[in-house]
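Peer 1: Just a sequence and a predicted model for now, questions to come.
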Amino acid sequence: MRELTPTAEQEELRSAVRAVLTRHEGAAAWRPLTEQIGVAGLAVPEEYGGAGCGPREVHVVMEELGRALSPVPFLGSAVLTVQALLASGDVAACKALLPRLAEGQAVGTLAWAERGSWDPAAIRTTATPEPAGTWRLTGAKEYVLDGATAEVLLVAARTGAGVSLFQVAVNGSGVRRQASVTMDQTRAMAQLVLDGAEARLIGTDGAGDRALGQVLDLACTALAAEQVGAAERCLELTVAYAKDRVQFDRPIGSFQAVKHRLADAYVVVESARSAALGAAFAAASGGPEAARAAAVAKSVCSEAFSAVAGEMIQLHGGIGITWEHDAHRYFKRAHSTSQLFGAPSWHRSRLATDLGLPAADG
């Protein structure tokens, strides 16, 4: 347990991020987060202008962003895009793109999912080589985080050698980006349509499967931290309401049935916290356990957040489903993050396959 205890530096990071999110609401927090704290370059190696931190520090930031339901592009840019570039092993691309991303001068995104799946096997976008050394991409992508506004666009496409990563000019010919109408209005997503768009290969042709596998594990680990932070905030708000709301001349929190439900929610949150922390520490250490811990965390934390957000709605009564209260925002974020990067059932199947067990049914 001592190994899972945050360091003094990580607690200082948490305090700084929370202070900024308290002072600046919504997307307005991105500039102070990048300029004052440097979150955009948190996981970028020092040689590319970043802080050289790892999954444990990313975990701290994601927890705080989850608590605030912050819409800043940290997940898509500082996690997905940065990690895709690093996993590609393309030094030239890292030198060209990572400094801008680390300083917050540009926001990046990774266009990856197709047909509702983040499995590289589902990728049907094609990349055709040209004599000049460039490529032409054709296909469509879904659930592209901050895809309508990002300045750096990476795309996963299939070549004759397999899945590969490419950089595409966001305003280039044959590129059409459209913001998606989402249930969760606190996270911007977009659809991307490529029609012969010019692209440059990032890394080795056919090595995209390996790179995306690494990115998926780190993305799930980061998202699990966000889910824990949001679930914890749901519980805090619900406990405060149970203390203040009076029924039959006594706070509803004094009723045994309510106490039991709150206690159960607390156990769910703390269990999810253990899974998320375990994934962050496994990712920092590396090795085969990192992929397994990421799959466990994504599954456990998705279901925990959905359960606690549902209890928040129920225990707040009628106000839990009104626009004037934040309960519905957490509820929507819970259900959207449950599907982001793959549903819990898919990750349980991944885990079962990795362990050599029969695939889970759901």
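Peer 2: In hand now; what should we look at? Predicted model, so just to flag it, every value in this text is computed and none were measured.
Peer 1: what about the closest residue to residue 175 other than its chain neighbours, is that helix, strand or coil?
Peer 2: With sequence-adjacent residues excluded and distances taken as CB to CB, 6 or more residues apart in numbering, residue 175 is closest to residue 197, at 4.8 Å. (Each C-beta comes from the backbone N, C-alpha and C, glycine too.) Put simply, residue 197 is strand when judged by DSSP: H, G, I helix; E, B strand; the rest coil.
Peer 1: Show me what the helix or strand containing residue 305 is packed against.
Peer 2: Per DSSP states H and E: residue 305 is located in helix 289-315. Helix 289-315 is packed against helix 208-244, helix 256-285, helix 327-339, helix 344-355, with contacts defined by 3 or more CB pairs under 8 Å, 6 or more residues apart in numbering; DSSP states H and E.
Peer 1: Any idea which helix or strand in this protein has the lowest mean pLDDT?
Peer 2: One helix or strand of the chain scores below all others by mean pLDDT, DSSP states H and E: strand 246-247, with a mean of 89.
Peer 1: Please name every helix or strand in contact with the following helix or strand past that one.
Peer 2: From strand 246-247 onward toward the C-terminus, using DSSP H and E, the following helix or strand is strand 250-251. Contact partners of strand 250-251 among helices and strands, from 3+ CB pairs under 8 Å, 6+ apart: helix 208-244.
Peer 1: So for the helix it packs on, what gets flagged as buried?
Peer 2: For helix 208-244, burial by neighbour count (16 or more other CB atoms under 10 Å) applies to 208, 210-212, 214-235, 237-239, 241-242.
Peer 1: Please tell me how far the most centrally placed residue in the chain sits from residue 288.
Peer 2: Taking CA atoms, centre = their mean, the centroid of the chain lies closest to residue 223, which sits 3.9 Å from it. For residue 223, the distance to residue 288 equals 21 Å [CB to CB, to the nearest Å].
Peer 1: Residue 84 touches residue 211, doesn't it?
Peer 2: Yes. Using CB atoms under 8 Å, residue 84 makes contact with residue 211 at a distance of 6.1 Å.
Peer 1: joint contacts of the two?
Peer 2: Residues touching both residue 84 and residue 211 (CB atoms under 8 Å, 6 or more residues apart in numbering) are residue 165.
Peer 1: for the residue nearest to residue 167 when sequence neighbours are not counted, helix, strand, or coil?
Peer 2: In space, residue 167 comes closest to residue 200 once its chain neighbours are excluded; the distance is 4.9 Å by CB to CB, 6+ apart. When classified by three-state DSSP, residue 200 comes out as strand.
Peer 1: so what's residue 200 up against?
Peer 2: So residue 200 contacts 134, 135, 166, 167, 168 (CB under 8 Å, 6+ apart).
Peer 1: any idea how far residue 137 is from it?
Peer 2: Relative to residue 137, residue 200 is positioned 10 Å away (CB to CB).
Peer 1: what touches both of these two?
Peer 2: Common neighbours of residue 200 and residue 137, using CB under 8 Å, 6+ apart, are 166, 168.
Peer 1: Kindly confirm my reading that residue 171 forms part of a helix.
Peer 2: No. Read with three-state DSSP, residue 171 is coil and lies in no helix.
Peer 1: okay, it: pLDDT?
Peer 2: At residue 171, the model reports a pLDDT of 94.
Peer 1: If you tally nearby residues, what's the number for it?
Peer 2: 9 (other CB atoms under 10 Å).
Peer 1: correct me, but residue 72 touches residue 31?
Peer 2: No. With contact defined as CB under 8 Å, residue 72 does not reach residue 31; the gap is 9.3 Å.
Peer 1: thinking again about what came up before, quick one, the helix holding residue 305 and helix 208-244 angle?
Peer 2: In terms of direction (axes from the mean of the first three to the mean of the last three CA atoms, to 10 degrees), helix 289-315 departs from helix 208-244 by 30 degrees.
Peer 1: Tell me which residues of helix 289-315 come out buried.
Peer 2: For helix 289-315, by 16+ other CB under 10 Å, it's 290-313, 315.
Peer 1: next one: stretch 7-22
Peer 2: By neighbour count on 16+ other CB under 10 Å, the buried set for stretch 7-22 is 10, 13, 14, 16, 17, 18, 20, 21.
Peer 1: Would you check that the third one makes contact with residue 64?
Peer 2: This means residue 14. Yes. Using CB under 8 Å, residue 14 is in contact with residue 64, at 6.0 Å.
Peer 1: burial count for residue 45?
Peer 2: 16.
Peer 1: Quick check: closest non-adjacent residue to it.
Peer 2: Excluding its sequence neighbours, the residue lying closest to residue 45 (CB to CB, 6+ apart) is residue 52, at 5.3 Å.
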